[in-house]
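**Student:** Whatever this is, show me its structure:
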Amino acid sequence: MSTVSVRIDEDLVSAARAAAKAEFRTVQGQVEFWAKVGRAALDNPDLPASFIAESIMSMAEQREDSSVFVPRSAGKA
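**Tutor:** Predicted coordinates:
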């Protein structure tokens, strides 16, 4: 993957630094994550941004760390 230098407002970098620390990402990784969420939100305006963010994060999880989906109604008979 190649990298490109981009000028970003210092306030945005400060916000990314705080969020990155809380979410165990690099500042660059946090800005990239926000960009992916924003792009997906623009492409899917009826989906909540939180759903998009959680979906992107789940796609990055290791398959070994995931669990099988069991619907709530499956336990009721």
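**Student:** In terms of pLDDT, where does the residue lying closest to Ala19 once chain neighbours are set aside sit?
**Tutor:** Setting aside the residues directly before and after it, Ala19 is nearest to Gln30 in space (C-beta to C-beta, 6 or more residues apart in numbering), at 5.2 Å. For every residue, glycine as well, the C-beta is placed using N, CA and C. pLDDT recorded at Gln30 is 95.
**Student:** which residues are in contact with the host helix or strand of Gln30?
**Tutor:** Using DSSP states H and E, Gln30 falls within helix 27-43. With C-beta atoms under 8 Å, 6 or more residues apart in numbering as the test, helix 27-43 has contacts from 8, 12-13, 16-17, 19-20, 23, 25, 47, 49, 52-53, 55-56.
**Student:** Quick check: of these, which has the highest neighbour count?
**Tutor:** For the contacts of helix 27-43, the largest number of neighbours (other C-beta atoms under 10 Å) sits with Ala16, at 21 neighbours.
**Student:** mind listing what that one touches?
**Tutor:** Taking C-beta under 8 Å, 6+ apart as the test, what Ala16 contacts is Val27, Gln30, Val31, Trp34.
**Student:** Closest one to Phe69 out of the contacts of helix 27-43, please.
**Tutor:** For the contacts of helix 27-43, the minimum distance to Phe69 (C-beta to C-beta) is 13.5 Å, reached by Ser55.
**Student:** for the closest one, phi and psi?
**Tutor:** Ser55 has phi and psi values of phi -60, psi -40 when expressed as degrees, to the nearest 10.
**Student:** dump the residue contacts of the residue most central in space within the chain.
**Tutor:** Central residue check for the chain by C-alpha atoms, centre = their mean: the C-alpha nearest the mean position is that of Ala53, 3.9 Å away. Shown in contact with Ala53 (C-beta under 8 Å, 6+ apart): Phe33, Val37.
**Student:** how far off helix 27-43 does the worst-scoring helix or strand of the chain on mean pLDDT point, in degrees?
**Tutor:** Counting by mean pLDDT, DSSP states H and E, the chain has its least confident helix or strand at helix 49-60, which shows a mean of 90. Angle of helix 49-60 versus helix 27-43, following axes from the mean of the first three to the mean of the last three C-alpha atoms, to 10 degrees, is 120 degrees.
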